[in-house]
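Novice: Any chance you can model this:
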Amino acid sequence: MSAAVASEYVRLMIHREGDGPGAAERAMTKLEARYGIGFWTLDHFRKRKAKTCDVALFARIKAAFIDHCGAQAARLIQEAEIAQAVTPNDDVAAIQDEIRALQARLAAAQGKAKRAA
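Specialist: Numbers count the residues shown, from 1 in each chain. From the prediction side, this is the model:
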């Protein structure tokens with residue numbers, strides 16, 4: 001599979017997991033513990049040094065990325081629910097509906113990723 005796509009998935013996960021400049025190592029440690037993808041493998045893809053990516057590793061990275069996106073969607077739903085509790089708003093309700101639709105698509109993608117792995 002594409003090493004460039006896998007590198008982009010890894011870079012996005014590290015960026016979202018990090019809490020500021022210089023946090024890449026901590027983020028990679030967290031991602032390693034959560035998804036079982038080695039620290040140095042993540043580092044290799046983060047730095048875009050990987051020229052190839054075998055199918056099994058690509059599937060694991062893609063599944064981790066989908067799970068990571070699902071966790072972000074859950075956080076967004078929680079924030080929207082808090083905002084709705086403070087001040088009900090039709091726009092926020094519409095955004096919640098869109099996020100729930102995205103969560104359904106992510107769940108379907110997770111099912112496909114698990115069957116492929």
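Novice: C-alpha from now on. contacts and neighbour counts both.
Specialist: Noted.
Novice: helices and strands of this protein: which one bottoms out on pLDDT?
Specialist: Within the chain, no helix or strand scores below helix 90-116, which has a mean of 86 by mean pLDDT, DSSP states H and E.
Novice: where are the low-confidence patches of the protein?
Specialist: For the chain, applying pLDDT under 70 flags the ranges 1, 113-117.
Novice: For it, which residue occupies the most central location?
Specialist: residue 68 (2.7 Å; CA atoms, centre = their mean).
Novice: how far away is residue 28 from residue 70?
Specialist: As for residue 28, its distance to residue 70 is 18 Å (criterion: CA to CA, to the nearest Å).
Novice: just the angle between the one helix or strand residue 71 maps to and helix 90-116, please?
Specialist: Remark: residue 71 resides in helix 55-86, with elements defined by DSSP states H and E. Counting by axes from the mean of the first three to the mean of the last three CA atoms, to 10 degrees, helix 55-86 points 160 degrees away from the direction of helix 90-116.
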